[in-house]
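Participant: Need a 3D model of the sequence below.
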Amino acid sequence: MKLKLVASAMMAAGLALGGCASHNDNAASGESRTAGQFTSDAALTAKVKTALAKDAGLGTAADVNVNSYRGVVQLNGFVDSQDKVQRAADVARGVEGVSRIDNNLSVKPRS
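Facilitator: Residues are numbered from 1 along each chain as shown. Down below sits the predicted model:
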């Protein structure tokens, strides 16, 4: 129940922010996103975060940051093992709308 509430809140926040999106994300490169594309990216980010949080094989996904841009999902942060680096990529890849994964996850250093 709590997970559904968190997922719903993340989705609502992403959609709310989409209405404030600039139509010109990167004027220097000539790349831009419409408010609809920005909203789609925010929704995809929320779906990937939810999928990571639900996956029992990952444990906690609190140290994984997710960003999306036009279907490309970037994973950043730390996980407990190399297996979890791959597992996070596999879970994200399974989300509808993901066209590519940039997996920048690292294994947490042992203290």
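Participant: before we move on, what SS does A92 have?
Facilitator: Using DSSP: H, G, I helix; E, B strand; the rest coil, the structure places A92 in helix.
Participant: To what extent is it buried, counted in neighbours?
Facilitator: For A92, the tally of surrounding residues (other C-beta atoms under 10 Å) stands at 25. Where C-beta positions appear, they are placed from N, C-alpha and C, glycine not excepted.
Participant: roughly how far apart are it and P109?
Facilitator: Relative to P109, A92 is positioned 23 Å away (C-beta to C-beta, to the nearest Å).
Participant: next one: G77
Facilitator: Distance, G77 to P109, using C-beta to C-beta: 13 Å.
Participant: If you count surrounding residues, which of those two has more?
Facilitator: More crowded of G77 and P109, by other C-beta under 10 Å: G77, with 15 against 6.
Participant: Surely that one and L58 touch.
Facilitator: No. Counting by C-beta atoms under 8 Å, G77 stays clear of L58, with 11.5 Å between them.
Participant: list residues touching both of these two?
Facilitator: By the contact definition C-beta atoms under 8 Å, 6 or more residues apart in numbering, G77 and L58 are jointly contacted by V64.
Participant: Only alpha carbons, please: show the host helix or strand of L52 as PDB.
Facilitator: If you go by DSSP states H and E, L52 is part of helix 35-54. The C-alpha coordinates for helix 35-54 follow below in PDB (Å, rounded to 0.1, in the frame of the first residue of the first chain):
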ATOM      1  CA  ALA A  35       5.900  20.100 -22.500                       C
ATOM      2  CA  GLY A  36       4.400  16.800 -23.600                       C
ATOM      3  CA  GLN A  37       7.800  15.200 -24.100                       C
ATOM      4  CA  PHE A  38       9.000  16.500 -20.800                       C
ATOM      5  CA  THR A  39       5.900  15.000 -19.100                       C
ATOM      6  CA  SER A  40       6.500  11.700 -20.900                       C
ATOM      7  CA  ASP A  41      10.100  11.700 -19.600                       C
ATOM      8  CA  ALA A  42       8.900  12.400 -16.100                       C
ATOM      9  CA  ALA A  43       6.300   9.600 -16.300                       C
ATOM     10  CA  LEU A  44       8.900   7.200 -17.600                       C
ATOM     11  CA  THR A  45      11.300   8.100 -14.800                       C
ATOM     12  CA  ALA A  46       8.500   7.400 -12.300                       C
ATOM     13  CA  LYS A  47       7.700   4.100 -13.900                       C
ATOM     14  CA  VAL A  48      11.300   3.000 -13.800                       C
ATOM     15  CA  LYS A  49      11.700   4.100 -10.100                       C
ATOM     16  CA  THR A  50       8.500   2.200  -9.200                       C
ATOM     17  CA  ALA A  51       9.800  -1.000 -11.000                       C
ATOM     18  CA  LEU A  52      13.100  -0.700  -9.200                       C
ATOM     19  CA  ALA A  53      11.400  -0.300  -5.800                       C
ATOM     20  CA  LYS A  54       9.100  -3.300  -6.400                       C
END
